[in-house]
Structures are given as structure tokens and as C-alpha cells.
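Trainee: Just the structure for this:
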Amino acid sequence: MARRPGIFPTFFLSGFECSTFLWGNNVRRNLVAETRHDLHAAEDYRILSSLGIAVAREGIPWPMVDRGGCCDFSSIDPFIEAMNASSVIPIWDLCHYGYPDELDPFSDAFVSRFAAYCRAAAEYVLPKVRGPHFFTPINEITFFSFCAGEWGWAAPYRCSRDDRMRLRLALCRAAIAGVKAIREVDSDARMVHVDPLVRVVAPRDRPDQVEAAHHETMVDTFLSWDIISGREHPEFGGSPEILDIVGANAYSFGQMEYRERGPHAPLPPGDERIAPLCDMLDMVWQRYRRPMIIGETSGLFDGRASWLRDVMGESLAAVRRGMDLQGICLFPGVDMPDWHTGAWVKNGICDLVEENGDLKRVPNQEYVDELRRWQKELNRVTRLDEDPFSDPVELQDVIDAAHRLDMQPDKDWH
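Mentor: Residues are numbered from 1 along each chain as shown. Sure, this is the predicted structure:
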């Protein structure tokens, strides 16, 4: 019996890019199809199983299964079959930037329609996938609000800070309603609310922007989680139980220099204003005292292995400090295209190589080797057995490793 059982069957998680937004040219994107995950689901899940990963973030494409309020979920059956065959359980992303064409996200109808869809999705997947059951109602509410509410990249194509705030409030209302609808189907369902972990600093020559940068770091970064947890806008019905598990995404470009218009500029390597990831995670922990995962993280190109090494050092420093870190999601499992250019990002566990009209999965060996090193260091499995759910993950092994390795926060973690 585990001395400190984890929430998930493995400490390392993964997932697949599943955005379904209406992009700038008003064309519906489907990243699952663009990466051929729809055609390679069985292979993709066998890869995760061979890597000792028993949990994956997987999308249900709301705009493609919901036609006028009537849902047909049969399109996700191949993914469910692939998961079950490889003993991998999903964290279902129910809205990954996409919603049905006819819906106005600022309307009350959006909230009620999303709740009905969430209830229907839970009713469909629960009998087909072994438990426990995990859901992310709306992925990255804060980033979604920026890219679709202020920058105009995706529907609803708004371009003002006021609209960004309105969109965030609307998405939070919908997420809370979605959680309640899911738990009418399964009162034990767990929620993972994923948003970027962000730090913004003022340009060195713009002391007048210090306050705005501080506001984005200390207020904007947390507002969606605050609302879902009931700390802000309690009239929406949020609570700590609805927040449940906090998924904090950690990327190098999450530490930025403030810009008045458009996305902020990522801090370059070696910038003295970079903060240790451990300290950023600690802000989340002190604010909510809820179980946490790193909801997404990855390096780029040849830096993937070194990025994982640094993230693991910071994560174990966080565990050593007493934070309840339940897992790290190496995202994505297979590469993804840049939304703007279409070029491969080179951030997956596997690269995608065009071959005979298909996309061949090619593991990044240095990244895999680094994962293996940490699995052994933490006494984690390196390949799933026939029943990875027979015993809960032993988090005490992770805690013991954090103390044995004496991990300390390091601002040069990028």
C-alpha cells in the first residue's frame, strides 16, 4: 500500500494538441487532424505506454460533435479504443479554444449549452473508459481570452482589453457550470483547470510600466483560477472543490517583458529578471493550497532534454518545499505545427516526419533518455505493466528523491 498515494497512476503525463478554433481567416482548424493523431491514435498511445506514461490530455472537439445542441460523440470512439488498449486514461479537454459556430460566447446561451454538452460528454465517456475520470472543462481560459479577446487571432476575433476581460468572465462562468454538470453524472470526477504560469516584467527603460507588468503577474495570471475557486466573482458559483487540481503550464516564453500592444516579448536566456520556476509554483500553492500538476511543459528542438532536466530540478525543489505536486505533463506527445506559420514546432516527445504522404512518429532520443533517467531517479516505471492502475503512484518516492537530491530553486533554469 502506498504511503502517500498519488491522484494519477503515473507521475509523468503527456497529451496531444487538440485545438479546434476558428482561426484568423475564419477557417475551422483541427490540430488532431493536422498532426494525424486521428489516424495514428493506436500508435500514439502505444508510444506513451512504452514510455511509462498512463495519463494523457485528449480532446473532445466541441464544435465538431455538437450540432445545434445535439451531440454525436462517435468520432472519439477510436481514441477511447486506443487508450483502453494501451492502459492510458484521459484528461478530457472539453473546449480547446473551439466552440460551435452559431454560439456567442458572451451570451447566457453559451453557458447553458456548454453545461449541457459537458453533461452529455461525461455520460458518453464514463461507461467506456475506466476510472478515475478527469476533465479540463475549458483549456487555458486566460490565454484563450488574450488570443481571441484582445489579439483577434481566433473567434470571436475581439481586439480590446475590455473584450478580453468580458470573454474571460464568460469562459469562467461556463467552466464552473460545466464542472457542476459533469459532477451530476459522476460526483467523484476530478477537474484539472489548466492555464499558463506567467511572469511579466517592465522594460528596463520604462519604469512607468512597472505597475502594469506587476498587475499581469499578480492579478491577470491568477484571475481565472480565482474565479473558479470562488475567491473572485463568488456569484458565479466557484469553490475550491470546483477548482480541484491546478494545472500550471510552464514554458520558457512564460517569462516576458511587457508590451502595451500585442503579445509580450519573451525574456532572453540569461536575463537577470528571470525567476526560478519553483518560486512561481509557490505563488500558486500559497494562493490555493490545491493539488497541482505542471499542465504542459516542453523545450524546443535540441533543447528538449535540457529543458526537462531543469524543470525536474525546479519541480523537485517545489516538492522539497512542501508543495503538493502530483505530476508533470510532457506536452505534446507528438509534435505540432506553429499556428501562424505551419512549421513544425519541434517540441514533442516524438517529431513528425513527412514520409509517403503520412507523418511518421520519430522519438527524440535525448528527450526520451532524460525521461528515463528521471523515472529511475524517482523509482517510477519506465513501461506500463498489464494493469498500471492496480496500485496508486507512490508520491513518497518523489518526496524522498527531492530531499535526497537536495534540489534548490535556480533562476537559471531555462
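Trainee: Can you show me the helices along the protein?
Mentor: Remark: helices assigned in the chain by DSSP state H are 31-34, 41-50, 62-65, 77-86, 108-125, 141-145, 161-185, 210-215, 221-229, 240-243, 277-288, 304-320, 365-377, 395-404.
Trainee: So, low pLDDT: which residues of the chain?
Mentor: 413-414 (pLDDT under 70).
Trainee: Rebuild the helices of the chain as JSON lines, extending it with distance to residue 356 and mean neighbour count.
Mentor: Every residue, glycine included, has its C-beta placed from N, CA and C. Output for these, formatted as JSON lines (distance: least, Cβ to Cβ, whole Å; neighbours: other Cβ atoms under 10 Å):
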{"stretch": "helix 31-34", "distance to residue 356": "18", "mean neighbour count": "19"}
{"stretch": "helix 41-50", "distance to residue 356": "15", "mean neighbour count": "21"}
{"stretch": "helix 62-65", "distance to residue 356": "27", "mean neighbour count": "20"}
{"stretch": "helix 77-86", "distance to residue 356": "22", "mean neighbour count": "18"}
{"stretch": "helix 108-125", "distance to residue 356": "34", "mean neighbour count": "20"}
{"stretch": "helix 141-145", "distance to residue 356": "36", "mean neighbour count": "23"}
{"stretch": "helix 161-185", "distance to residue 356": "41", "mean neighbour count": "21"}
{"stretch": "helix 210-215", "distance to residue 356": "49", "mean neighbour count": "14"}
{"stretch": "helix 221-229", "distance to residue 356": "43", "mean neighbour count": "24"}
{"stretch": "helix 240-243", "distance to residue 356": "46", "mean neighbour count": "18"}
{"stretch": "helix 277-288", "distance to residue 356": "41", "mean neighbour count": "19"}
{"stretch": "helix 304-320", "distance to residue 356": "26", "mean neighbour count": "22"}
{"stretch": "helix 365-377", "distance to residue 356": "23", "mean neighbour count": "17"}
{"stretch": "helix 395-404", "distance to residue 356": "42", "mean neighbour count": "18"}
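Trainee: out of the ones you listed, which comes closest to residue 14?
Mentor: Nearest to residue 14 among the helices of the chain is helix 41-50 (5.5 Å), distances taken as Cβ to Cβ.
Trainee: what helices or strands is the closest one leaning on?
Mentor: Secondary-structure packing of helix 41-50 (3 or more Cβ pairs under 8 Å, 6 or more residues apart in numbering; DSSP states H and E): helix 77-86, strand 358-363.
Trainee: 10 Å - rerun?
Mentor: With contacts taken as 3 or more Cβ pairs under 10 Å, 6 or more residues apart in numbering; DSSP states H and E, helix 41-50 sits against strand 12-15, strand 55-59, helix 77-86, strand 350-355, strand 358-363.
Trainee: Apart from its neighbours in sequence, what residue is nearest the residue nearest the centre of the chain?
Mentor: Centroid check for the chain by Cα atoms, centre = their mean gives residue 295 as the closest residue, at 3.9 Å. Nearest residue to residue 295 in three dimensions, chain neighbours excluded: residue 247, at 2.8 Å (Cβ to Cβ, 6 or more residues apart in numbering).
Trainee: what about that neighbour, how many neighbours?
Mentor: Using other Cβ atoms under 10 Å, residue 247 has 29 other residues around it.
Trainee: So which bits of stretch 130-137 are buried?
Mentor: By neighbour count on 16 or more other Cβ atoms under 10 Å, the buried set for stretch 130-137 is 133, 134, 135, 136, 137.
Trainee: Could you export those as a markdown table, including distance to residue 403?
Mentor: Formatted as a markdown table, these follow (distance: Cβ to Cβ, whole Å):
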| residue | distance to residue 403 |
| --- | --- |
| 133 | 33 |
| 134 | 29 |
| 135 | 33 |
| 136 | 31 |
| 137 | 36 |
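Trainee: which of those lies closest to residue 224?
Mentor: residue 137 (11.2 Å).
Trainee: hang on, isn't the closest one packed against residue 173?
Mentor: No: Residue 137 lies out of contact with residue 173 (Cβ atoms under 10 Å); the separation is 11.0 Å.
Trainee: on that earlier part again, name all residues that make contact with the residue nearest to the centre of the chain.
Mentor: 13, 15, 57, 91, 136, 139-140, 192-197, 245-250, 327-329, 331 (Cβ atoms under 10 Å, 6 or more residues apart in numbering).
Trainee: Try it again at 8 Å.
Mentor: 57, 192, 194, 195, 247, 248, 249, 329, 331 (Cβ atoms under 8 Å, 6 or more residues apart in numbering).
Trainee: Take those residues and, keeping just the buried ones, write it as a ChimeraX select command.
Mentor: Buried subset of those, written as a ChimeraX selection, criterion 16+ other Cβ under 10 Å:
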select :57,192,194,195,247,248,249,329,331
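Trainee: Tabulate the contacts of residue 295 (a markdown table), appending distance to residue 400.
Mentor: Below are the contacts of residue 295 laid out as a markdown table (distance: Cβ to Cβ, whole Å):
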| residue | distance to residue 400 |
| --- | --- |
| 57 | 28 |
| 192 | 25 |
| 194 | 28 |
| 195 | 30 |
| 247 | 25 |
| 248 | 23 |
| 249 | 27 |
| 329 | 22 |
| 331 | 26 |
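Trainee: Restrict stretch 351-368 to CA atoms and write it as CSV.
Mentor: Taking Å, rounded to 0.1, in the frame of the first residue of the first chain, the C-alpha atoms of stretch 351-368 are listed here in CSV:
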residue,chain,number,x,y,z
ASP,A,351,8.9,14.5,-34.0
LEU,A,352,6.7,14.2,-37.1
VAL,A,353,8.5,13.4,-40.3
GLU,A,354,6.7,13.5,-43.6
GLU,A,355,7.0,10.2,-45.3
ASN,A,356,5.0,8.8,-48.3
GLY,A,357,2.2,11.3,-47.7
ASP,A,358,2.0,10.4,-43.9
LEU,A,359,3.5,11.7,-40.7
LYS,A,360,5.9,9.2,-39.2
ARG,A,361,6.5,9.3,-35.4
VAL,A,362,10.2,9.6,-34.6
PRO,A,363,11.1,9.8,-30.9
ASN,A,364,13.6,12.4,-29.8
GLN,A,365,16.0,10.1,-28.2
GLU,A,366,17.8,12.6,-26.0
TYR,A,367,14.4,13.7,-24.6
VAL,A,368,13.4,10.0,-24.0
